[in-house]
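**Student:** build the 3D model from these lines:
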Amino acid sequence: MSRDDSIFDKPFNRRRVLGYGAAAAGLAAMPWQLSLAAQIEAEAADQAMRQRAIPATGEKIPVIGMGSSGSFETRDEATRTDLAKVMKQFVAMGGTLVDTSPSYGNAETNIGNIARQTGVRDQLFMATKVRKRSREQTLDQFRASIDALGEPIDMLQIHNFIGLDNQWATLQQLKEEGRVRYIGITHYLTSAFGELEHQMATKDMDFVQFNYSIITPDAEQRLLPLAADHGIAVLVNRAFNDGRIFGQTKGKALPEYAKEFDCFSWAQFALKYVLANESVTAVIPATSDPEHLRDNMHAGYGKLPDADMRKRMRETIAEL
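**Tutor:** Okay, here's the model as predicted:
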């Protein structure tokens, strides 16, 4: 559902001022950025990525997950090699939640194969989706996802309301039978917020997934408070607005105040804004670039902006 990194940000020459390991020393940055980056790199081994609890169970998951729309849809071997690096680095830096869908081309197959080949499958919290209108089609699609991804499937979501009214009972049964641990619904458009609000208020769901970003903060008004009130975990897609954030910030210096919440790139600026809302359980940017993956993951470490700082961040983006 999220195409944040894999397609849209590359033409905008995304800045990466904080690397991982030895890569940090070679990145262009202002002196204060290099100093703080080096400090965080030195402490990274002693830090754990921020985690948040799933309200339904109290189970904690890392706040930076990984989307797969666009990024894992490939038949190119060189790209698969990069994706293997992405997957290994994702887990090494504390990630577990991978979000995918049968509608993302061959992403499920690539994810399953790469996870097994790199030896990390058992460490992943696997979330996928169904988008069929009949019970039998839904079950067939779920079985195909198991074949591709392997078991367990931790979360199953109804994709973009497709078959929602008919198939919600199917998901509930799969959960009751222990075939999945969590169920939810997804969408990616602000225009769907009214229907999302209705479904969140009337269905007993564990997770909801929707779009939310510093450019499009509409979810702050009703959906995020509603999720908190109803004990629903939130996955955020489109945190980069399909790469628009990188077009808007291209050639612009990161504001110096970003160092106050351990932020070293525009990608982290966008992700930390989202994560600063405590109703967000995790954000799922997608990328096939190992450097972008490292950059994204660092948003899950260190401080987050408070309410006053988030207002300042919105003003910064509006002025660009």
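**Student:** CA atoms of stretch 151-160 as PDB?
**Tutor:** Included here for stretch 151-160 are C-alpha records, laid out as PDB according to Å, rounded to 0.1, in the frame of the first residue of the first chain:
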ATOM      1  CA  GLU A 151       3.900 -19.400   8.500                       C
ATOM      2  CA  PRO A 152       3.000 -17.800  10.700                       C
ATOM      3  CA  ILE A 153       1.000 -15.000   9.200                       C
ATOM      4  CA  ASP A 154       0.700 -12.700  12.200                       C
ATOM      5  CA  MET A 155      -1.800 -10.200  10.800                       C
ATOM      6  CA  LEU A 156      -4.400 -10.400   8.000                       C
ATOM      7  CA  GLN A 157      -6.100  -7.200   6.800                       C
ATOM      8  CA  ILE A 158      -8.900  -6.500   4.400                       C
ATOM      9  CA  HIS A 159      -7.400  -4.400   1.600                       C
ATOM     10  CA  ASN A 160      -9.000  -1.100   0.800                       C
END
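**Student:** pLDDT of that stretch, averaged?
**Tutor:** For stretch 151-160, the mean pLDDT works out to 98.
**Student:** check the offset of it from the chain's centre.
**Tutor:** Relative to its parent chain, stretch 151-160 has a centroid offset of 15 Å by CA atoms, centre = their mean, to the nearest Å.
**Student:** ok, residues contacting it?
**Tutor:** 1, 101, 103, 125-131, 142, 145-146, 164, 167-168, 171, 174-175, 179-188, 192, 206-207, 209 (CB atoms under 8 Å, 6 or more residues apart in numbering). Heads up, the C-betas are built off the backbone N, CA and C, glycines and all.
**Student:** just those residues: which are in strands?
**Tutor:** Of the contacts of stretch 151-160, the ones assigned to strands by DSSP state E are 125-130, 180-186, 207, 209.
**Student:** which ones are touching residue 101?
**Tutor:** So residue 101 contacts 1, 68-69, 107-108, 128-129, 131, 159 (CB under 8 Å, 6+ apart).
**Student:** run a quick neighbour tally on the closest residue to it other than its chain neighbours.
**Tutor:** What sits nearest to residue 101 in space, not counting adjacent residues and going by CB to CB, 6 or more residues apart in numbering, is residue 129, at 4.1 Å. Residues near residue 129, counting by other CB atoms under 10 Å, number 26.
**Student:** could you check how far residue 129 is from residue 95?
**Tutor:** From residue 129 across to residue 95, the span is 19 Å (CB to CB, to the nearest Å).
**Student:** could the contacts of residue 101 go into a markdown table alongside distance to residue 243?
**Tutor:** Shown next, in a markdown table, are those (distance: CB to CB, whole Å):
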| residue | distance to residue 243 |
| --- | --- |
| 1 | 15 |
| 68 | 16 |
| 69 | 13 |
| 107 | 18 |
| 108 | 23 |
| 128 | 24 |
| 129 | 22 |
| 131 | 24 |
| 159 | 22 |
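**Student:** stretch 251-264: which residues count as buried?
**Tutor:** Buried residues in stretch 251-264, counting neighbours by 16 or more other CB atoms under 10 Å, are found at 254, 258-259, 261-264.
**Student:** pick out the residue closest to the middle of the protein.
**Tutor:** residue 284 (0.6 Å; CA atoms, centre = their mean).
**Student:** tell me the pLDDT at that residue?
**Tutor:** At residue 284, the model reports a pLDDT of 98.
**Student:** likewise for residue 4?
**Tutor:** At residue 4, pLDDT is 45.
**Student:** cool, and the one 4 residues further on?
**Tutor:** Per-residue confidence at residue 8 stands at 31 (pLDDT).
**Student:** again, but for residue 47
**Tutor:** So, for residue 47, pLDDT stands at 76.
**Student:** just say helix, strand or coil for the closest residue to residue 262 other than its chain neighbours.
**Tutor:** For residue 262, ignoring the flanking residues on the chain, the nearest one in space by CB to CB, 6+ apart is residue 302 at 2.9 Å. Under DSSP: H, G, I helix; E, B strand; the rest coil, the three-state class of residue 302 is coil.
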